[in-house]
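*Asks:* What follows is a protein structure lacking sequence information:
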């Protein structure tokens, strides 16, 4: 793998806790507005700029992207973000309860994405790609990192451990209780050299950010035929973590209706594909099990796999899609269907019960988390997992590191 130091725009150390914001795509406009209320430094003013505009404005309007650019420019001018004087690599540590993960902040190669050295496990949606592509082009910056993982490397572990002993750039606990700390590597060349021995990386979270960065690179390469490949638009902002430190939570499902079936008839259809028993535990105890909430009752669903089932077909989320969502509920493409919603496991099964109690949804599914090994094995085999197969936690924070591009075309 190639990684590259970059002249990051970093949150001013004394403001880092106020600047740091959850990723743009884990909150809606109302939630972003609430989180940023009373905090003029929140990076949500950049990533979800509609929160500072008239209520009801289309978040995909030109005015919103331009507002984000103006706010980013103001953050730079006012010293809320400060640019490093020389290219750097950074160590970014997150602590959530007893769980600790340490990632390396760097620029990754769009060419290696295209060459499948950086591997994906999900398809992207065109509308979401279009949004992030416009965001990068309008702001001339990658304002949120792609979350990547790699198979553990002892040299990189040691370099991270050494750096963690030096004075930190920032160290704070966010309102949600997750601790964030960052350092500069004093020896970035050693980190770059160590990654040269890493065979590849896997996108854990941020498929749309990565795909959009690659689209921007292609567009700008077409406008700069004499380019060398070293231009900043050929690189995207990422944080790379060793696989053993990753924590995946379940990604649960809500469906708005039963596809015209009464609950009893729906349950009978489900029994044709699964062994179904009632349960008082809404959380699946192991892979090969899922739980379903229907009419205030929780059911446990189990199944037997046929021999020679391909890797991606063994996933619990794949079983749900192929045996129930598509044939029973008529949801053939969960990426585009408006009848299904996805709920990150950090919200718990109580969120499923709450959402069904309002009557806006008819059935919910509580899933067992996909494993990191499953993700890497499927990506290595060139397979694609169903959308929303993984919920990585803790999430990276936007605003701590920003990659501003040269060769602006706007």
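*Replies:* Noted; the coordinates are in hand. Bear in mind that the values here come from a model prediction, so they are computed numbers and not experimental data.

*Asks:* care to break this protein down by domain?
*Replies:* 3-247+394-404, 249-392 (automatic domain parsing).

*Asks:* center of the protein - which residue?
*Replies:* Centroid-nearest residue in the chain: residue 205, 3.0 Å away (criterion: CA atoms, centre = their mean).

*Asks:* Switch the domains of the chain over to JSON lines, and while doing so, append mean pLDDT to every line.
*Replies:* As requested, the domains of the chain are exported to JSON lines (pLDDT from 0 to 100):
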{"stretch": "domain 3-247+394-404", "mean pLDDT": "96"}
{"stretch": "domain 249-392", "mean pLDDT": "93"}
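
*Asks:* circling back: which residue packs closest to the residue nearest to the centre of the chain, ignoring adjacent ones?
*Replies:* residue 147 (3.9 Å; CB to CB, 6 or more residues apart in numbering). From N, CA and C alone the C-beta is placed, and that goes for glycine too.

*Asks:* again, but for residue 2
*Replies:* In space, residue 2 is closest to residue 109, 4.9 Å off (CB to CB, 6+ apart).

*Asks:* Ok, residue 327 next?
*Replies:* Residue 327 sits nearest to residue 273 (CB to CB, 6+ apart), 7.6 Å away.

*Asks:* again with residue 300
*Replies:* residue 279 (4.3 Å).

*Asks:* ok, the one you found touching residue 299?
*Replies:* Yes. If you go by CB atoms under 8 Å, residue 279 and residue 299 touch, sitting 6.5 Å apart.

*Asks:* shared neighbours of these two, anything?
*Replies:* Here residue 279 and residue 299 have residue 291 as joint contacts, going by CB atoms under 8 Å, 6 or more residues apart in numbering.

*Asks:* More neighbours: which of those two?
*Replies:* The residue with more neighbours, out of residue 279 and residue 299, is residue 299; 21 against 17, by other CB atoms under 10 Å.

*Asks:* isn't there a strand covering the more buried one?
*Replies:* Yes. According to DSSP: H, G, I helix; E, B strand; the rest coil, residue 299 belongs to a strand.

*Asks:* from memory it sits against residue 277, does it?
*Replies:* Yes. The pair residue 299 / residue 277 is scored as a contact, 6.7 Å apart, by CB under 8 Å.

*Asks:* what's the burial count for residue 382?
*Replies:* If we define neighbours as other CB under 10 Å, then residue 382 has 11 of them.

*Asks:* For it, which non-adjacent residue is spatially closest?
*Replies:* residue 116 (7.8 Å).

*Asks:* That neighbour in helix, strand or coil?
*Replies:* Residue 116 - assigned by three-state DSSP - is coil.

*Asks:* Give me the phi and psi angles of it.
*Replies:* phi 70, psi 20 (degrees, to the nearest 10).

*Asks:* distance of it from residue 236?
*Replies:* Distance, residue 116 to residue 236, by CB to CB, to the nearest Å: 15 Å.

*Asks:* Comparing those two, which residue is more hemmed in?
*Replies:* Counted by other CB under 10 Å, residue 116 and residue 236 do not tie: residue 236 has more neighbours, with 28 against 12.

*Asks:* Can you tell me the strand partners of the helix or strand that one falls within and which way each runs?
*Replies:* If you go by DSSP states H and E, residue 236 is part of strand 235-242. Using DSSP bridges, the strands paired with strand 235-242 in its sheet are strand 99-109 (antiparallel), strand 146-150 (parallel).

*Asks:* Pipe those into TSV and attach mean neighbour count per row.
*Replies:* Below are those laid out as TSV (neighbours: other CB atoms under 10 Å):
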stretch	mean neighbour count
strand 99-109	22
strand 146-150	24
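
*Asks:* can you count the residues close to the nearest residue to residue 244 once chain neighbours are set aside?
*Replies:* Closest residue to residue 244 apart from its sequence neighbours, by CB to CB, 6+ apart: residue 152 at 5.1 Å. The number of residues packed near residue 152 is 13, by other CB under 10 Å.

*Asks:* for residue 152, what are its contacts?
*Replies:* Here residue 152 is in contact with 242, 243, 244 (CB under 8 Å, 6+ apart).

*Asks:* Residue 376 is in contact with the second one, correct?
*Replies:* Yes. Applying CB under 8 Å as the test, residue 243 and residue 376 come out as touching, 6.6 Å apart.

*Asks:* Tell me which of these two has more neighbours.
*Replies:* residue 376 (21 against 16).

*Asks:* just the angle between the helix or strand containing the more buried one and strand 146-150, please?
*Replies:* Using DSSP H and E, residue 376 falls within helix 372-380. On the basis of axes from the mean of the first three to the mean of the last three CA atoms, to 10 degrees, helix 372-380 is oriented at 100 degrees to strand 146-150.

*Asks:* and helix 372-380, what does it pack onto?
*Replies:* Applying 3 or more CB pairs under 8 Å, 6 or more residues apart in numbering; DSSP states H and E, one finds that helix 372-380 makes contact with strand 201-205.

*Asks:* that older thread, and residue 176, which of the strands paired with strand 235-242 is closest to it?
*Replies:* Residue 176 sits nearest to strand 99-109 of all the strands paired with strand 235-242, at 13.5 Å, using CB to CB.

*Asks:* what's near enough to touch residue 86?
*Replies:* Applying CB under 8 Å, 6+ apart, the residues contacting residue 86 are residue 7.

*Asks:* sorry, that was for residue 392
*Replies:* 147, 204, 205, 246, 247, 248, 249.

*Asks:* For it, name its beta-bridge partners.
*Replies:* Bridge pairing for residue 392 - DSSP bridges - gives residue 248.

*Asks:* measure it to residue 322 for me?
*Replies:* 24 Å.

*Asks:* Let me see the ranges of the helices in the chain.
*Replies:* 16-19, 29-36, 44-47, 62-77, 110-114, 126-139, 154-163, 188-195, 207-223, 263-271, 316-320, 348-357, 372-380 (DSSP state H).

*Asks:* what residues does the fourth one touch?
*Replies:* Going back to what we said before, that points to helix 62-77. 9, 19, 41, 45-47, 49-50, 52-53, 57-58, 80-81, 83, 134-135, 138-141, 143, 402.
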